[in-house]
Structures are given as structure tokens and as C-alpha cells.
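Participant: generate coordinates for the sequence data below:
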Amino acid sequence: MKKKLLLIENGPGVANQLRLGLKKHYQVTIASDVTKAERLLSTGLFPVATLDLGLPPFPENPSKGLSLLERLPAISPQTRVIVITGNNEEETAIKAVGLGAADVCSRPLDLMMLRVILERNFRIQELEEAHRRLREEMDDNDTLCGIVGVSMPMKRVFEAIHIAADTDFPVLITGKTGTGKEMAAKAIHGLSTRSHRKMVIINCGAIPETLIESELFGHEKGAFTGAASTRIGRLEQANGGTVFLDEVGELPFAMQVKLLRFLQESTIERIGGHGTIKLDVRVIAATNKDLEGAVEKGDFRSDLFYRLNVLSIVLPDLKKRLEDVIPLAHRFLAEEAKKLKRGRVRFTPDAVARLTSHHWPGNVRELQNRVRRAVATTKNGTITARELGFDQEPNGDPAKRHLLTIKEARSQAEKRAILMALAVSGNNISQAARLLEVSRPTLHDLLKKHGLNNKK
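Facilitator: Numbers count the residues shown, from 1 in each chain. This is a model prediction of the structure:
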């Protein structure tokens, strides 16, 4: 089938001339005004379109065309637009490119040159579509309940989550702030036989010490001043399902005793109650603290620690799984662009370079926040390093400000290039080798050299 081409052209004479000159190679559709152009573009059927900026009702003014170009990412994010300008409209052409035009062709039109430009843009669009499908396949293969992970450390986390989901034992998830402990807990619950029941999330560090017992175990009417009615505690609300105790290391020592009793006996007593209530609750706990160190200091009960730590999952820092940065960034980019109806949004090469070289002290949460902020502020469908907030760090991360030797600098640059190639190729060794212009065996040697020999 012929490729579909949309001509957005004010002059009927020019439009018909172009149709005649291009109909042998393309299935040509013409739109002569903004309303018709928007309706046709919204169908998503046109990979490439040409755009005459001088559209009615002001054909001598490019404002209508530029306005349509600016709205295009929300109307048809996959369409590549070739802007048609006059010879003396360089400033307008620059503005059009800034608004996302894929190419510019000046009048008087050279039909042969236009065909070359069209063919190039159709080819680029096909490659982008193939890359999008590849990324979707990668997302299917390298995600678990929404958690993205192409690196070996995350593959081990996925294995641990599957093991935990197949049992009913308590799980302790550890990792620094922003590594995704709550998502791991939700994955365990979602893959378990309890997935059809409730998962109750309790942030132990956010509840005042005077209220935490009532919050966890509930109370009877009249149990204390202000207890005007019976309250069912969070543990009881999770009966038959899962309770997630986030920041469990923040629990007061007295509450640790009560939680231990619940774990041992699977029963609770409401404050002011006179009998025990039997519960069937799976417990998942998480902390960013060193609980073993807290046990040694006497800040956390050792018996509670061992009760919680039957199965252990350690979430790695993002800096220890740099292969995941670009897939994560693209996932967040797609999510935020969809929420804000931004259409097609892309990272510029300088943004990708900074994403892969940043130290990520705030882990995945920092990455998500940077992308979210950038998508909210971008105007032209591209996200630069500056929009990601890296312009505020001209000297790089504090941890990297020491002087590097030539050998160290080369090694870091080599590793970043490998990580970027793997990310762009969807972790495909053969494609990554071609991008790096090395043989497949050489890439395997480089992966081993840099401790990345975990690729499929």
C-alpha cells in the first residue's frame, strides 16, 4: 500500500500540483484549513504531513500554521511535519523548527527535493515506530507489576518478589529513600493468592506516638477520652489480605512489643476491649534504616527483627543499576506526557547524556520528579538537560568533583557509552554492538570489564 501523506496547503492550485507530482508514490490527502487539518491529523493515519504556514483566514501571516504546529503533539504525536516556507522567511522557519517541525522546505518547491525530504521523514518515522514497538516489548519483558528493571540487580529483585509472592511468610524490604519499596510490596501482594483482598498501607513514621496503638489495633467505644465510637484498627481492616508497614524502624519500642505479639499469635486486642480477635494477615515491612545496627544499639527489638526478616528483599540504589535509568526515564516520560496531554515528547541527546552520568542521590523518586517537572514545563516536545534541572549543577555531582586520571575518565566514558547503547537497543547485544561500532565478542569483553556481563 502507498504511504499516507497529508498536504496542509492554502492554495488549491499548488495543492493540486503537489498531488499530481506525488500521487505515484503516496496516497495524498489535502486539507486547506486548520479545522480540516486537525480533524484529519487526529485520526492518526498520517505518518508525515506538509504544512503551509499561511493558512486562512490570514494566509499572509504564519500565525495559524505555527499555532497548529504547536498543538500537533497533542493532536497527532507520531506525525512528522515538513513546513513549507518562502525564501525570505528564515526567522519563521527557525521558529517552526523550535515548535517541533521535523524539516523545512522553501518555495519555489523543487519536487525532486521534496520527494527526498518526504522519503527521509517517512523512513525516520518508520524507525521511530519500530523503536516504540521495541520499547513496548522491552517494557513487557523487563517490568514486574509496573517496576522497571533491565539490570541484573533488578532481575534478582524480581526473582525475590516472585519467591515472596508464592509464600505467606513476613517480608522485610530494605533500601534507601526513593528506591521503590512500596512498589515492591504492592508487587508481592498483587502476585500472591491474597491479591483479591485488601492491601492496607501504614506509614509508621507518619503517625504520632500517642495515636499509633489505636491506629494499628483499634479501640472500643469509651476506651479513653474522645473515643465516642468503636474504631477498627488498620491490622483488622487488612484481615484476609496484606498489611504493609512502611518505615517500620520508626515504631516506638513499646509498640514493637505489641506488634511482635501479633506476629507470634495472629491475634490483636482493641484498646479497651476484653477479648482477642483472630486475624489472617500477611505482613510486609519496609525500612530505609539499618535495622541490624538498630538492634545492636538496642533501638529495635531483635526478636521482632527476626520475625519480620523471614524473607528479605534489598532494593539497590539507582546508581548501582544505571542500565535502568533510560528505560525508567522513558516510562515516566510517557506516563507524564499522557497525563498532561503533551503528545510526543522526547529527550534531547544532552538530556540522555546527563541522565546516564548523574549520581542519583534521590534514586528513582528523584528521576521521576525531574521528568515530571520537565514535562510540565516543556513547550516544544523536547526535554533538554536544562529542563531536567541539570543546569543547576554545572560542576557535576559532589561525589564526582575529584580529579580523574585519564584512565579513569576513559573508563567512565566507555561505560556510559555502553549503557546508553544497551538502553537505546532495548538491551540487545547485537544492536548495541552495531551502535558502538564494535564486534559482538568485543562488546562481551567490554561488558565483563565493566562488570555489566549480565545482559541477555
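
Participant: looks to me like residue 243 is in a helix.
Facilitator: No. Under DSSP: H, G, I helix; E, B strand; the rest coil, residue 243 sits outside any helix and is assigned strand.

Participant: quick one: residues contacting it.
Facilitator: For residue 243, the contact set (CB atoms under 8 Å, 6 or more residues apart in numbering) comprises 199, 200, 202, 234, 235, 281, 282, 283, 284. In short, each C-beta sits where N, CA and C put it, glycine included.

Participant: most neighbours, which of those residues?
Facilitator: Highest neighbour count within these, by other CB atoms under 10 Å: residue 284, with 29 neighbours.

Participant: leaving out chain neighbours, which residue sits closest to the residue nearest the centre of the chain?
Facilitator: Centroid check for the chain by CA atoms, centre = their mean gives residue 332 as the closest residue, at 2.5 Å. Distances taken as CB to CB, 6 or more residues apart in numbering put residue 371 closest to residue 332, at 4.1 Å, once the chain neighbours are dropped.

Participant: pretty sure the one you found is touching residue 389, no?
Facilitator: No. Counting by CB atoms under 8 Å, residue 371 stays clear of residue 389, with 10.1 Å between them.

Participant: and these two? Which one has more around it.
Facilitator: More neighbours surround residue 371 than the other of residue 371 and residue 389, with 27 against 16 (other CB under 10 Å).

Participant: mind listing the strands for the stretch 151-300 of the chain?
Facilitator: Per DSSP state E, counting those that start in this stretch, the stretch 151-300 of the chain carries strands over the ranges 171-174, 199-203, 218-219, 231-232, 242-246, 267-268, 277-278, 282-287.

Participant: can I get those in JSON lines with distance to residue 154 and mean pLDDT?
Facilitator: As requested, the strands of the stretch 151-300 of the chain are exported to JSON lines (distance: least, CB to CB, whole Å; pLDDT from 0 to 100):
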{"stretch": "strand 171-174", "distance to residue 154": "14", "mean pLDDT": "98"}
{"stretch": "strand 199-203", "distance to residue 154": "22", "mean pLDDT": "95"}
{"stretch": "strand 218-219", "distance to residue 154": "38", "mean pLDDT": "91"}
{"stretch": "strand 231-232", "distance to residue 154": "37", "mean pLDDT": "90"}
{"stretch": "strand 242-246", "distance to residue 154": "20", "mean pLDDT": "97"}
{"stretch": "strand 267-268", "distance to residue 154": "36", "mean pLDDT": "94"}
{"stretch": "strand 277-278", "distance to residue 154": "38", "mean pLDDT": "94"}
{"stretch": "strand 282-287", "distance to residue 154": "17", "mean pLDDT": "97"}
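
Participant: nearest to residue 339, of these?
Facilitator: The closest of the strands of the stretch 151-300 of the chain to residue 339 is strand 199-203. By CB to CB, the value is 22.3 Å.
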